[in-house]
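Participant: Would you be able to build a 3D model of this:
(one chain, ligands or ions: 2)
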Amino acid sequence: MKHVVVISGAPGTGKTTVRNYLTDQYKMAKILTHTTRPKRLGEEDGRDYYFESEESFAQNHYLEFVDYDDKKYGSSVEGLHRAWEQNDWAVIVLDSQGACSYLEQMPAETLVLYLKTADQQKQLQRLESRGDSAALIKKRLASQEAQRDLKLPQALEQQAHSMVNDDWEQTKHFLAAWLTQVGWQPETTEESVGE
Ligand SMILES: Nc1nc2c(ncn2[C@@H]2O[C@H](COP(=O)(O)OP(=O)(O)O)[C@@H](O)[C@H]2O)c(=O)[nH]1
Ligand SMILES: Nc1ncnc2c1ncn2[C@@H]1O[C@H](COP(=O)(O)OP(=O)(O)O)[C@@H](O)[C@H]1O
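Facilitator: Ligands and ions are numbered 1, 2, ... in the order given. Sure, this is the predicted structure:
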């Protein structure tokens, strides 16, 4: 059975960090998405996002796409299928509108994880520690989309699993417990059979 873990939440709640942990530790396949926003310090094309111009963005086929803080973001069907070729469990970071689209289109496969922090001051500090400029942080947090995603949208209330990401050790325990609950199991590979 195929699964896709959709990680959603406001800026600075740790979506990317959790995504990377699930790919490293649980060997889930990462689904990269496309965006027209500029690269941040340390980000790489093809590793963090497919960074696109307005023209190149328009040439892809999207399962869903959104405008977020005046930039475009989209995920492709091809990306999802490529990930599922690697592993039955794939993971993607989406805004809450994207999470709703995935649930509508693939209700049986989609599991939504909504991240939050106990206080928003923490999110701000994290964005600063990531190296984002003060002006960009201010604009991003004031955007309609970030404001919307500060709270779990009503449409996701029944379907998303909410998780506080404050203390990283605790987050790892929460993730392990949730993944057991939703039926995650390590893939049996040829090498692991009979070990
Ligand atoms: N719907 C949708 N949202 C996306 C996609 N790719 C990224 N996002 C979301 O776009 C928002 C902005 O992402 P990003 O610029 O990396 O900022 P961050 O939230 O501060 O890390 C986040 O909520 C992401 O989850 C996509 O393909 N579709
Ligand atoms: N539990 C945590 N404790 C401390 N710092 C964290 C934690 N989770 C994430 N961070 C840090 O916060 C910053 C923002 O995290 P990131 O994963 O980029 O958030 P998002 O993708 O939701 O915007 C990064 O510098 C990351 O290393």
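Participant: okay, which residue is most central for this protein?
Facilitator: residue 93 (1.5 Å; CA atoms, centre = their mean).
Participant: quick one: is the helix or strand of the chain with the lowest mean pLDDT near ligand 2?
Facilitator: Using mean pLDDT, DSSP states H and E, the weakest-scoring helix or strand in the chain turns out to be helix 120-129, at a mean of 90. Yes. Residues of helix 120-129 contacting ligand 2 under CB under 6 Å from any ligand atom: 126, 129. For glycine as for every other residue, the C-beta is placed from the backbone atoms N, C-alpha and C.
Participant: With stretch 134-153 instead?
Facilitator: No. Using CB under 6 Å from any ligand atom, stretch 134-153 never reaches ligand 2; the gap is at least 9.1 Å.
Participant: okay, how far is it across that stretch, tip to tip?
Facilitator: 27 Å (CA to CA, to the nearest Å).
Participant: helix, strand or coil for residue 27?
Facilitator: coil (DSSP: H, G, I helix; E, B strand; the rest coil).
Participant: Isn't it up against residue 184?
Facilitator: No. Here residue 27 lies out of contact with residue 184, judged by CB atoms under 8 Å, at a distance of 10.4 Å.
Participant: By proximity to ligand 1, which residue of this structure wins?
Facilitator: For the chain, the residue closest to ligand 1 is residue 98, as judged by CB to the nearest ligand atom, at 2.4 Å.
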